[in-house]
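Trainee: next input, structure requested:
(chains A and B)
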Number of protein chains: 2
Amino acid sequence: MMTSETVGLDEAHMQDTGAHEPPAHGTPTRGRPVVPSRARLRPLGTRDVRLTGGHWGEFQERNRRAVLPHVEHWVERTGWLGNFDAARAGRLPADRRGREFSDSEVYKLLEAMAWELGREPDPELEDRFHEIVARVAAAQEPDGYLNTKFGRPGQGPRWSDLEMGHELYCVGHLVQAAVARARTGHPDDLLVRVARRAADLVCAEFGPDGRGTVDGHPEIESALVELYRVTGERRYLEQARLFVERRGHHVLDEIEFGREYFQDDVPARDAHVFRGHAVRAVYLAAGQVDLADETGDDALLAAVARQWRHTVAARTYLTGGMGARHQDEAFAEDFALPPDRAYSETCAGIGSVMLAWRLLLAEGDPAYADLIERTLFNVVSTSPSADGRAFFYTNTLHRRELGAVPAADEPSPRASSSLRAPWFEVSCCPTNLARTLASLAAYVATSDDEGVQLHQYAEGTVEGRLPGGRGVRLVVTTRYPADGEVRVRVDSDDERPWTLSLRVPAWARDGATLTAGGTTRPVAPGTVAERRTWRRGDEVVLSLPMAPRFTHPDPRIDAVRGCVAVERGPLVLAVESVDVPGLDAVDRLRVDPAVPPEVVDGRVVVRCARVALPEPGWPYRHDPAPVGAPEFEDVPLVPYHEWANRGPSTMRVWLPAI
Amino acid sequence: MMTSETVGLDEAHMQDTGAHEPPAHGTPTRGRPVVPSRARLRPLGTRDVRLTGGHWGEFQERNRRAVLPHVEHWVERTGWLGNFDAARAGRLPADRRGREFSDSEVYKLLEAMAWELGREPDPELEDRFHEIVARVAAAQEPDGYLNTKFGRPGQGPRWSDLEMGHELYCVGHLVQAAVARARTGHPDDLLVRVARRAADLVCAEFGPDGRGTVDGHPEIESALVELYRVTGERRYLEQARLFVERRGHHVLDEIEFGREYFQDDVPARDAHVFRGHAVRAVYLAAGQVDLADETGDDALLAAVARQWRHTVAARTYLTGGMGARHQDEAFAEDFALPPDRAYSETCAGIGSVMLAWRLLLAEGDPAYADLIERTLFNVVSTSPSADGRAFFYTNTLHRRELGAVPAADEPSPRASSSLRAPWFEVSCCPTNLARTLASLAAYVATSDDEGVQLHQYAEGTVEGRLPGGRGVRLVVTTRYPADGEVRVRVDSDDERPWTLSLRVPAWARDGATLTAGGTTRPVAPGTVAERRTWRRGDEVVLSLPMAPRFTHPDPRIDAVRGCVAVERGPLVLAVESVDVPGLDAVDRLRVDPAVPPEVVDGRVVVRCARVALPEPGWPYRHDPAPVGAPEFEDVPLVPYHEWANRGPSTMRVWLPAI
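Mentor: Down below sits the predicted model:
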């Protein structure tokens, strides 16, 4: 389904409809993070889809108002931005601050600013953007090399630590920032020129006759394909192909965690599951899909989709979180998904959204949009605090101890507390959140030759384009996920019929209905399509069942045997100790699975007994510990993504059944 | 109970009975690893207790025959022993091999050889011992400094990386080797002189007016107390006291894992549980008990005992294994004891035995001997392969995948496979095993003013001494743990009465009996004492109930909820995939807890259903997965310590109940 034949689109047509935007074809302005030349669905960007309120509108505003200035403050404060000034002034390595990948945080900030400016211009933000770009650009060397950690006297030589040095990873994020700038109306901006020079050097150094290896942290693969899409320069695509094809053949040196840590253990086409460092794994897979899209490589796409399916079935948390292990930030074995000390890195969640979005565009399967929804609501939404100035790096599903309060004025370790931290020594997650939230609207809807597809539900407007320059405008009114009613009003006229497709989430198994043309009918999970000649004012209402529900784990997930979780719509819920008085109270609760959770005064509550726990002693006994006479109480739950906003607390997603 | 008053012993008397051995009082030859001046019980050494067969006799022989030569081969092959030659020849740092603590592996080998030579002389082994000592001694600098990693041009300065450099840790192991040599009849040996010079330098550098800090890896604390015990030099005791008292006051720099990693977070007297890196924690606690023994510091002893009780109740695996986390080889929070990827490092098990032995001597509580037994049979016994030439570094309780076969001819990572590896890049465990197995007999029995106490049951002989130079000889005949009958025959005459005390293990709750003086009576877990005037040939038979039994976990241990384990006597049992045909078969078993495990044809079997598992897909469901009609079968178990001796396999200790 990757070739123009199978999706019935030819190259000229794709350019017609804006799916491919080489600079020769006019200034792209529509703010789309991923623009495949060939795919089943065509993305709509941040200028096509506007979020005007509700959960995602609020997150988008929080990002602009709080996260972006906060990130800018910290990259300055930590000296990570100052590293570029030091490079220009010849003060490196003496004055260098931060880890080997700190340059990339500045690039992700620039990418976030670029998307944000494309979404909603702001002269002051524009000035700050140009100022940072100028400081970055001034550090670039005449041959295009740009990295503050390598290549100067007293530093490691260029490309001397590809396993862990992150040099090409940093170039990748520089390119991603440039692509964001190009896709928001500035294809010839200084940032784009800087990134192209850096990418040209990479092609010269790592091309067919160059160093036959790859970077230990995938990222540049997707970036180079995107740069090809923006510029039309095939050498970037070819370089991405070389990086993808080389990996898996033991081209990197062995490290303590083994070659699977950076996916150099098995070639992409031979792997059956994502493995190793979770962020690396999903970033790589995203680049592989991008490459497959542009080269018509069905086998590669199928290999990634197969690995995705296995990973979702056996290595993914209820929240959508990926990567269980702390030690190497890695996927564990199948079904090894401990809720306590789950790693579930915010960046792995973001990478999973990036990957699933690419697969959704390529294949159209609503299962990809299901995982995007789950991950956005339960990983991406969980990381930032309510004020947007503190973040979770890891997103555990069970917090056993209150832990220390993170320092407000210095970077924290990655996983130290039940509270979010303002910044980290490895601070990839806040900048990754910033760029994701700034481009969030681009993950909501797509169009194809037949019509428009809504994948995510948020208050806002959607402007799609059909072949022949026909425009379609939709107004979405909903309080989702606080409420299950999604009202889609057509706000454009067209004499010809087109199809409005809506995703019915997989969780909406019982009771989802669609009201259209005056009739209401039950709809099953998957895609529901209404094809007709729409008139301005026509309305479709998707009603999703929002009763809270128990969820049972696969029996192979040993770590949550005998437990249930509570979900409501797309939200995973949790019990938090601030709602349950008493020491260890959270761990003493036992759910009665015969009594479904319900909504009382607007909060979901679940019927629980509070059991007596054994006296301290050798914790392995001849007889099961007596539970005591159960006294039942209604225990309130919170959306998981809201936890830890009311002071230190303990927390559980999975609750033992009585 | 730590002072002479409370145990009714005065200093002179202790020397009388050999519990304290300053060199002025004759050549100590009895091979005792720990010799407190004041304690409730007095240890018997490897010359007092002889293991003549059975489980422990076989391990002791395997150690002498296979482990010791294997370790010697690998410290030579890896160049870790050669580092000393390179130091002497001025070829460092260019020719240095191995990690920063590799010197300590050579010292642990020397300690093992010393105990082994004390147990059973062997001219050839003696020659090899002296040869290695000579190579080590030749690397010592004129002022006593001895470390191949620091202090030369091109190396870090001495004492410049106390957090992770292991310099004092290495001195500690050097001293322990010297103590072993001194305690086996050679108090003036070259090794002892080398170690004293190294210890003297430590006292000069880190004394009251010196560097006011500690080593990131505890070990020297116990070593210095023991060196004081051997030499009578109080400055070693005082230096140990300084190291113990300084720690916990943030004297080391913060590291990524936090100060609790090396127990510098909280002073010893304020801590409530063992935390941080497990080996560091138990080594430190052992040193604290040694210090408390010699200084009469009841408060310190009570603090360690309190932490031990909390740790045993909430942070210890069924096997006795300690330390759940891979990332920092650390104790996790209370009740976070995942069986899959349990770390349970072999060295932490050994350290736990060292600690519990000291606490047993100090307080006499059989609970300490219970944990020693559990840990010896299920952690220490598990590490070496049947041929003694491969080892587990970590001792997981659930192995999900076969994993790769470790390379036979190069060091392995720490935790890579379902098979034991011949050597590791960090190879602390094989050498630690070697010294422990060589001194194993010293953990079996003690004496006090009233008589002799048997703490562990093994085929062999025990010679105890009572006040006034009275000798007691016992012959123990048993097939334990293959059989529950322990026959203790008195092989000496004495006109006066004395007490024979036997530990009844905590697990022997139902049906233990003691036959003595022609009558059989039930005995309860704890200590059973027979006081009488014994005649040569008198016999006592302890009969322990050896029916296999189910064991249930504390309900706070989330990771094994709904599971049972099977134990038999002191042995934890496991299901291994080589006994259960079929892919994933081990994970499909469900035990019927209504049918007790039984012994069939000499093997323990447990009645299990083999359930059908759901088809791959999103692993969280509205309804519990259907189990299918159970078909029951008898599944054979193996002693956990025997697993992975028949090729790669998956394995479970905790079995889900139907």
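Trainee: gap between stretch A:203-217 and the chain center?
Mentor: When distances are taken as CA atoms, centre = their mean, to the nearest Å, stretch A:203-217 is centred 28 Å away from the chain's centroid.
Trainee: what's the span of it, first residue to last?
Mentor: Stretch A:203-217 has its terminal residues 17 Å apart, counting by CA to CA, to the nearest Å.
Trainee: can you list contacts of it?
Mentor: Here stretch A:203-217 makes contact (CB atoms under 8 Å, 6 or more residues apart in numbering or on different chains) with A:101, A:159, A:162-169, A:172, A:235-236, A:238-239, A:242-243, A:246-247, A:251-252, A:262, A:264, A:277, A:279-280, A:283. Any C-beta I mention is one placed from the backbone N, CA and C, and that applies to glycine too.
Trainee: make a ChimeraX selection of the buried ones in the residues you listed.
Mentor: Restricted to buried positions by 16 or more other CB atoms under 10 Å in any protein chain shown, the ChimeraX selection for the contacts of stretch A:203-217 reads:
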select /A:101,159,162,163,165,166,167,168,169,172,235,236,238,239,242,243,246,247,252,262,264,277,279,280,283
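Trainee: which of the contacts of stretch A:203-217 fall within helices?
Mentor: Judged by DSSP state H, these include A:167-169, A:172, A:235-236, A:238-239, A:242-243, A:246, A:279-280, A:283 as members of helices.
Trainee: which member of those residues is positioned nearest chain B?
Mentor: A:Val279 (16.5 Å; CB to the nearest CB).
Trainee: right, and that closest one touches A:Thr346 too?
Mentor: No: with contact defined as CB atoms under 8 Å, A:Val279 does not reach A:Thr346; the gap is 9.5 Å.
Trainee: please pull out the lowest mean pLDDT helix or strand from chain A.
Mentor: Sorting the helices and strands of chain A by mean pLDDT, DSSP states H and E puts helix A:4-7 at the bottom, at a mean of 28.
Trainee: can you pull the domain assignment for chain A?
Mentor: A:4-443, A:445-543, A:549-656 (automatic domain parsing).
Trainee: winner for burial among the ones you listed?
Mentor: Between the domains of chain A, domain A:4-443 has the highest mean count of neighbours, a mean of 21, where neighbours are mean count of other CB atoms under 10 Å in any protein chain shown.
Trainee: distance from it to the middle of the chain?
Mentor: Relative to its chain's centre, domain A:4-443 lies at 9 Å (CA atoms, centre = their mean).
Trainee: out of the domains of chain A, nearest to B:Pro593?
Mentor: Judged by CB to CB, the one of the domains of chain A that comes nearest to B:Pro593 is domain A:549-656, at 8.6 Å.
Trainee: first-to-last residue distance for the closest one?
Mentor: End-to-end distance of domain A:549-656 (CA to CA): 15 Å.
Trainee: could you do stretch A:60-74 as well?
Mentor: Using CA to CA, one end of stretch A:60-74 lies 20 Å from the other.
Trainee: and the contacts of it?
Mentor: Contacts for stretch A:60-74 (CB under 8 Å, 6+ apart): A:51, A:105, A:109, A:112-113, A:116, A:119-120, A:125, A:128, A:132, A:384, A:387-389, A:422-423, A:427, A:430-431, A:433-434, A:437-438, A:440-441.
Trainee: which of those residues come close to chain B?
Mentor: Cross-checking the contacts of stretch A:60-74 against chain B (CB under 8 Å from any CB of the partner chain) gives no overlapping residues.
Trainee: next step: those restricted to strands.
Mentor: A:Leu51 (DSSP state E).
Trainee: circling back to that earlier point, determine which two of the ones in helices among the contacts of stretch A:203-217 are furthest apart.
Mentor: Top of the distance list for the ones in helices among the contacts of stretch A:203-217 (CB to CB): A:Arg235 and A:Val279, 27.0 Å.
Trainee: in the stretch 401-550 of chain A, which residue sits closest to chain B?
Mentor: A:Glu401 (5.2 Å).
Trainee: now swap in the stretch 101-250 of chain A and tell me
Mentor: A:His250 (13.8 Å).
Trainee: A:Cys608 sits in which helix or strand?
Mentor: strand A:603-610 (DSSP states H and E).
Trainee: for the stretch 151-300 of chain A, what lies in contact range of chain B?
Mentor: So the stretch 151-300 of chain A meets chain B at A:256-258 (CB under 8 Å from any CB).
Trainee: quickly name whichever of those is closest to A:Val635.
Mentor: Nearest to A:Val635 out of those is A:Phe257 (CB to CB; 40.0 Å).
Trainee: tell me the secondary structure for the closest one?
Mentor: Classification of A:Phe257 by DSSP: H, G, I helix; E, B strand; the rest coil places it in coil.
Trainee: now A:Ala407: how far from A:Thr446?
Mentor: Separation of A:Ala407 from A:Thr446 (CB to CB, to the nearest Å) stands at 43 Å.
Trainee: make that A:Arg234, sorry
Mentor: 26 Å.
Trainee: where does pLDDT dip in the stretch 351-500 of chain A?
Mentor: Applying pLDDT under 70 to the stretch 351-500 of chain A picks out residues A:414-416.
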